[in-house]
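> Quick one, structure for this:
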Amino acid sequence: MESSKKLLFYQVLPRLFGNGPVENTPNGTIVQNGCGKFNDFDSRVLRRIRQMGFTHVWYTGVIRHATTTDYTAYGLPSQHPAIVKGKAGSPYAIVDYYDVDPDLAVDVSRRMDEFQALLDRTHKAGLKVIIDFVPNHVARQYHSTAKPADVDDLGQNDDTTKHFSPQNNFYYCWGQPFEPTFDIGTYSEQPARATGNDHFDNRPGPTDWYETVKLNYGIDYCDAGGRSTHYTPTPDTWHKMTAILQFWASKGIDGFRCDMAEMVPTAFWSHAISTVKQQHPNLLFIAEVYNPALYREYLAAGFDLLYDKVGMYDSLRDIICHRRPAADITRQWQQTDDIRDHMLYFLENHDEQRIASDFFAGNPRRALPAVAVALFLGTNPYMHYAGQALGEPGMQAEGFSGLDGRTTIFDYWRLDSLHRAFFDRRHLRPDERQLEQTYANLLSMASHPAIANGQFFDLMYANPASEHFNPDTTYAFLRKAPDSQLLLIVVNFADKPVECRIVVPEHAFHTLHIVAAPPTTPIEVAIEPYGISIVEVKVEENK
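I've put the predicted structure just below:
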């Protein structure tokens, strides 16, 4: 990983990004609602993303996935609509690991060329490219039409009479047909294969990942003892999935965000990551892992970064909503202090509710102190979701996604705020401009040497509850640059202004190796509602 610069990831769904102007129709087809394209990310757009301070773009939903849109005219098999979520389909129900989404191409027959051109443009703009790798499951009607001629398709050589075999790619339900607990019309699957969310019988429900099938990495989940591993000889799925990683790495991408990585054994990751990095040592591997007890195990397997969802994200969300005290931030970073540089902080992504939604904060400005914490607390990376800096509320019932405070990943749709921000800026509202500028200022500050490369010191232990400091709504810490410049950062999660007196203890100076006398009196800081204060601490040199 880069060490001299803080990594800032910009997550975006190309399907949504450049789409418009159209009138959104709930459950609309691609003809009705349109779809963004790879070509929407032209040099001007990419330059703007780079100027915002981002180092990487995570293009979400690049690899071809199940959809109800008919591309049979281009030689692509259609999928049964009963096992596709939404008209557009889930980007995480892959139907061909060796192809890209035809929705995103202007000329479908040249879709891979258009993706390669996007990759080249992104690099030329000074940005690196992350794409998804979905290792745990595939779409029920997975069939690769773009795979190399010498590659066998997933499941092609499986023994379907066995529930489990180490050399099978899928798990089978002992000759039983696929019979979900809801109507699937004429779709037929015999024998049924296990469902992606570790549902090993033939009757998944509507809340299961019924549109996907679980991949077999050599674990028998229904052995007599409950579970057993069979890694020797190397399972066939290991070879096939490692080859897929190598295929995309050879195209020049810079990293993979690995979906539900914790549902795939670390033994595979150790094999795959080490194999791929022999040829591509700088490739970045980001793991979606939700169990903190597994964090270090997945880092040991070769991952560079881990989602910090269950720890820091959940804490910051609860602090924004006044369900936890701001002092809980201390507990969260302490839980991962030994691996903090590997923790990826964020406040929004495609899985989580939008900050501005009624289900979260309502007002996007309420989250600004949390954004500052996520950006400034350490040298570890930060991830930002397209539309976040505009206060995108996610409060539309797009179709399959429904009214849930999230921006849909299943439907053809457009985000009016995002389209205006990049393609029609004269129509940005004043509140959007103001919020966007605040984010720009915060992102710019992340490149400060004290933030990007500096040391951290938590001040909460030295500032207990008093008439001058409220740890329920205020959080304070120091960042020290390599040249000894010292920044005091204080954030206010309250809806009213506060005047604090911050004690900087002598211990902080010893810990940060500052050869100077600490302030002899508390530092007075006034902060606006939901505000952030960054103060350079002036110190007297020791004589």
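
> Name the SS class of the closest residue to Asp495 other than its chain neighbours, please.
Leaving aside its chain neighbours, Asp495 sits nearest to Pro529 (5.1 Å; criterion: Cβ to Cβ, 6 or more residues apart in numbering). From N, CA and C alone the C-beta is placed, and that goes for glycine too. Pro529 falls in the coil class when you classify it by DSSP: H, G, I helix; E, B strand; the rest coil.

> next one: Met383
Met383 is classified as strand under three-state DSSP.

> All further residue positions should be reported with the first residue as 45.
With the count now opening at 45, the last piece we talked about shows up as Met427.

> before we move on, the earlier item: can you give me the neighbour number for the residue nearest to Asp539?
15 (other Cβ atoms under 10 Å).

> Equivalent analysis for the one 10 residues further on, please.
Neighbourhood size, Val583 [other Cβ under 10 Å]: 16.

> quick one: it from Ala561, how far?
6 Å (Cβ to Cβ, to the nearest Å).

> which residues touch the residue nearest to Asp539?
Asn536, Ala538, Asp539, Lys540, Pro541 (Cβ atoms under 8 Å, 6 or more residues apart in numbering).

> Using ChimeraX, define a selection of the buried residues within those residues.
Entered in ChimeraX, the line below selects the buried ones among the contacts of Pro573, by 16 or more other Cβ atoms under 10 Å:
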select :536,538
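
> excluding its backbone neighbours, what's nearest Gln432?
In space, Gln432 comes closest to Glu392 once its chain neighbours are excluded; the distance is 4.7 Å by Cβ to Cβ, 6+ apart.

> neighbours around that neighbour, how many?
So Glu392, with other Cβ under 10 Å, has 28 neighbours.

> can you check the one 3 residues further on too?
A count of neighbours around Asp395, defined by other Cβ under 10 Å, yields 13.

> what do you get for the one 5 residues further on?
Residues near Ala400, counting by other Cβ under 10 Å, number 26.

> Same check on the one 5 residues further on?
The number of residues packed around Ala405, counting by other Cβ under 10 Å, is 21.

> Would you mind confirming that it is in contact with Arg367?
No. Between Ala405 and Arg367 there is no contact under Cβ atoms under 8 Å: 11.7 Å.

> Can you check which residues contact both of Val583 and Ala561?
With Cβ under 8 Å, 6+ apart, Val583 and Ala561 have common neighbours Phe553.

> got a list of what the nearest residue to Pro125 once chain neighbours are set aside touches?
Nearest non-adjacent residue to Pro125, counting by Cβ to Cβ, 6+ apart: Thr112, 4.9 Å away. Residues in contact with Thr112 (Cβ under 8 Å, 6+ apart) are Thr73, Gln123, Pro125, Val128, Gly130, Lys131, Ala132, Gly133.

> could those residues be laid out in CSV, adding pLDDT, neighbour count and distance to Ala293?
Below are the contacts of Thr112 laid out as CSV (pLDDT from 0 to 100; neighbours: other Cβ atoms under 10 Å; distance: Cβ to Cβ, whole Å):
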residue, pLDDT, neighbour count, distance to Ala293
Thr73, 97, 15, 35
Gln123, 97, 24, 28
Pro125, 97, 16, 34
Val128, 98, 25, 29
Gly130, 97, 22, 30
Lys131, 98, 24, 32
Ala132, 98, 32, 27
Gly133, 98, 29, 25
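
> Of the residues you listed, just say which sits nearest to Gly199.
Taking Cβ to Cβ as the measure, Gly199 lies nearest Gln123 of those, at 15.6 Å.

> The closest residue to Ala538 other than its chain neighbours - how many residues pack around it?
Distances taken as Cβ to Cβ, 6+ apart put Thr517 closest to Ala538, at 4.0 Å, once the chain neighbours are dropped. Per other Cβ under 10 Å, the neighbour tally for Thr517 reads 20.

> what sits against Thr517?
Here Thr517 is in contact with His366, Pro369, Ala370, Asn536, Phe537, Ala538, Val542 (Cβ under 8 Å, 6+ apart).

> Which secondary structure state does Leu163 sit in?
Leu163 - assigned by three-state DSSP - is helix.

> For it, give me its contacts.
Counting by Cβ under 8 Å, 6+ apart, Leu163 has contacts Val173, Lys295, Gly296, Ile297.

> Whichever of those residues end up buried, select them in PyMOL.
Selection of buried members from these for PyMOL, criterion 16+ other Cβ under 10 Å:
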select buried, resi 173+297
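
> And the nearest residue to Ile263 once chain neighbours are set aside, what's its pLDDT?
Using Cβ to Cβ, 6+ apart and skipping residues adjacent in sequence, the residue nearest Ile263 is Thr273, 5.5 Å away. Looking at Thr273, its pLDDT stands at 96.

> What is the helix or strand harbouring Tyr342 packed up against?
Secondary structure from DSSP states H and E places Tyr342 in helix 339-344. Other elements packing on helix 339-344 under the criterion 3 or more Cβ pairs under 8 Å, 6 or more residues apart in numbering; DSSP states H and E are helix 310-323, strand 349-351.

> tell me how far it is from the chain's mean position?
18 Å (Cα atoms, centre = their mean, to the nearest Å).

> Can I get that helix as PDB, trimmed to CA atoms?
Only the C-alpha atoms of helix 339-344 are listed here, as PDB (Å, rounded to 0.1, in the frame of the first residue of the first chain):
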ATOM      1  CA  TYR A 339     -10.100  -9.200  11.100                       C
ATOM      2  CA  ARG A 340      -6.500 -10.300  11.800                       C
ATOM      3  CA  GLU A 341      -7.100 -13.700  10.200                       C
ATOM      4  CA  TYR A 342      -8.000 -12.100   6.900                       C
ATOM      5  CA  LEU A 343      -5.200  -9.600   7.000                       C
ATOM      6  CA  ALA A 344      -2.800 -12.500   7.600                       C
END
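
> So what touches it?
For helix 339-344, using Cβ under 8 Å, 6+ apart, the contacting residues are Ala305, Glu306, Thr310, Trp313, Ser314, Ala331, Val333, Leu350, Thr380, Ile383, His386.

> ok so, going back, find the pair from the contacts of Thr112 with maximum spatial separation.
Pairwise over the contacts of Thr112, using Cβ to Cβ, the maximum falls at Thr73 and Gln123, 14.4 Å.

> And Leu120, what's its pLDDT?
Value listed for Leu120 in the pLDDT field: 98.

> That one against Pro146, yeah?
Yes. In this structure, Leu120 is within contact of Pro146 by Cβ under 8 Å, at 6.6 Å.

> between these two, which one's more packed in?
Between Leu120 and Pro146, counted using other Cβ under 10 Å, Leu120 has the larger neighbour count: 21 against 17.

> Would you report the backbone torsion angles of Arg545?
phi -120, psi 110 (degrees, to the nearest 10).

> swap that for Gln160, please
The phi/psi pair for Gln160 (degrees, to the nearest 10) reads phi -60, psi -40.

> The residue nearest to it when sequence neighbours are not counted and Gly346, how far apart?
Nearest residue to Gln160, sequence neighbours excluded (Cβ to Cβ, 6+ apart): Lys295, at 6.6 Å. Plainly put, Lys295 is 21 Å away from Gly346 if you go by Cβ to Cβ.

> now, among the contacts of Thr112, which is nearest to Leu479?
For the contacts of Thr112, the closest approach to Leu479 (Cβ to Cβ) belongs to Ala132, at 28.2 Å.

> Would you state the helices of the stretch 395-544 of the chain in chain order?
Using DSSP state H, counting those that start in this stretch, the helices of the stretch 395-544 of the chain run over residues 412-420, 460-467, 474-489, 493-496.
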